[in-house]
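Participant: Need the 3D shape of this:
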Amino acid sequence: MKAWFAYLIVALVWGSTYFAIALGIGSFQTFGMVASRYLAGGCLALLLGRIAGEAAPSKGDIPHLAFQGFLLLTLSNALVTWAESSVSSGAAAVLCSTSPLWYAILGREKLGARAWLGLALGLAGVGVLILARSGPQTLGLPGVCAIMLAVVLWVYGTLHGRRHVKGHGLFGQVGVQMLAGGALALLLVPFTGGFLHSPLTWRAGLAVGYLTVFGSLVAYSAFIYISKVWPPTKMSTYVYINPVVAVLLGCLFIGEPFNLLMGLGMGIILLGVALLQTARPAASGSGACATE
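Facilitator: This next block holds a predicted model:
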């Protein structure tokens, strides 16, 4: 039950972060925003770990946690943030939805026909949903390449942590990752235009605050948890739910239209997720990940 709760947090909260990033880059430089949200989020995570009485990360885990933070939070996040200057948020969501496929490939999971069908349906449903919502999407080639690289780095980093981080203490591990990712981004800030490229607006400030607390501390902690207790491909189906959440929030709170094609896309996504969540490995005896 705890894993399902964490999964819902990731699916719901990260469904809104594409929009928040788009608001944040209205004032922030790419690495300025990455450094701000993760340095603050890392300090909060370590504080929560102390309050909860968690054990500190072991010395053997710290290099792996720092490496994971560098891949996921410095490189991957910065690439997506930079790419959204030439790729619309809807198109970015579709491209990021290829991550379950990369988890299956890089994680060497033994998937059956049911799981592969679920992967295909989930990705197709995201494409239908986004196109029905916004029409043609902005797809700059450099931005597309950056997002695809970001997806591969995110998947590889997640699998690295799953295989090599052995200790416990969720908030301590998350705090080390965020501080490592934020510190590396901070080193790049002076060479990439500083923290801001235009005066800070209240919308950009609130967006980065939201990304720090909810997108980083809350949802990222939930993500790290489910990445350890669920098979990678099953865990990664949250990327199919994220666009559904984004569309529903737009319809409910800012009056965006809802049409039959959008409903069809959601139905296809949910069917794909259901197939993946209920699929069994094609061969037994190797566990969720053949390389573990």
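Participant: I'd like to know how many residues surround residue 91.
Facilitator: 25 (other C-beta atoms under 10 Å). Backbone N, C-alpha and C define where each C-beta goes, glycine included.
Participant: How much space separates it from residue 264?
Facilitator: As judged by C-beta to C-beta, to the nearest Å, residue 91 and residue 264 stand 19 Å apart.
Participant: Now do the one helix or strand residue 42 maps to: distance to the chain's middle.
Facilitator: Assigned by DSSP states H and E, residue 42 belongs to helix 30-51. Helix 30-51 sits 16 Å away from the centroid of its parent chain (C-alpha atoms, centre = their mean, to the nearest Å).
Participant: Repeat that for stretch 198-212.
Facilitator: On C-alpha atoms, centre = their mean, the centre of stretch 198-212 falls 19 Å from that of its chain.
Participant: pull the CA atoms of that stretch into PDB?
Facilitator: Output of stretch 198-212 as PDB, limited to C-alpha atoms (Å, rounded to 0.1, in the frame of the first residue of the first chain):
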ATOM      1  CA  SER A 198      15.200  38.700 -16.700                       C
ATOM      2  CA  PRO A 199      13.600  40.300 -13.500                       C
ATOM      3  CA  LEU A 200      12.100  37.800 -11.200                       C
ATOM      4  CA  THR A 201       8.300  37.700 -11.500                       C
ATOM      5  CA  TRP A 202       6.000  36.400  -8.800                       C
ATOM      6  CA  ARG A 203       4.900  33.600 -11.100                       C
ATOM      7  CA  ALA A 204       8.400  32.400 -11.700                       C
ATOM      8  CA  GLY A 205       9.200  32.600  -8.000                       C
ATOM      9  CA  LEU A 206       6.100  30.600  -7.000                       C
ATOM     10  CA  ALA A 207       6.800  28.100  -9.700                       C
ATOM     11  CA  VAL A 208      10.300  27.400  -8.400                       C
ATOM     12  CA  GLY A 209       9.000  27.300  -4.900                       C
ATOM     13  CA  TYR A 210       6.400  24.700  -6.000                       C
ATOM     14  CA  LEU A 211       9.100  22.700  -7.800                       C
ATOM     15  CA  THR A 212      11.300  22.800  -4.700                       C
END
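Participant: still on that earlier bit, I'd like the average pLDDT over the helix holding residue 42.
Facilitator: Mean pLDDT, computed over helix 30-51, is 93.
Participant: Contacts only, for residue 155.
Facilitator: By C-beta atoms under 8 Å, 6 or more residues apart in numbering, residue 155 lies in contact with 99, 102-103, 106-107, 232, 236.
Participant: Leaving out sequence neighbours, find the closest residue to it.
Facilitator: Sequence neighbours aside, residue 102 is the residue nearest to residue 155 in space, at 4.3 Å (criterion: C-beta to C-beta, 6 or more residues apart in numbering).
Participant: Distance of the one you found relative to residue 166?
Facilitator: In terms of C-beta to C-beta, residue 102 sits 24 Å off from residue 166.
Participant: again with residue 203
Facilitator: Distance from residue 203 to residue 166, by C-beta to C-beta: 42 Å.
Participant: The two - which one has more neighbours?
Facilitator: More crowded of residue 203 and residue 166, by other C-beta under 10 Å: residue 203, with 13 against 9.
Participant: which residues sit in contact with the closest residue to that one other than its chain neighbours?
Facilitator: Of all residues not flanking residue 203 in the chain, residue 23 sits nearest, at 5.2 Å (C-beta to C-beta, 6+ apart). For residue 23, the contact set (C-beta under 8 Å, 6+ apart) comprises 203-204, 206-207.
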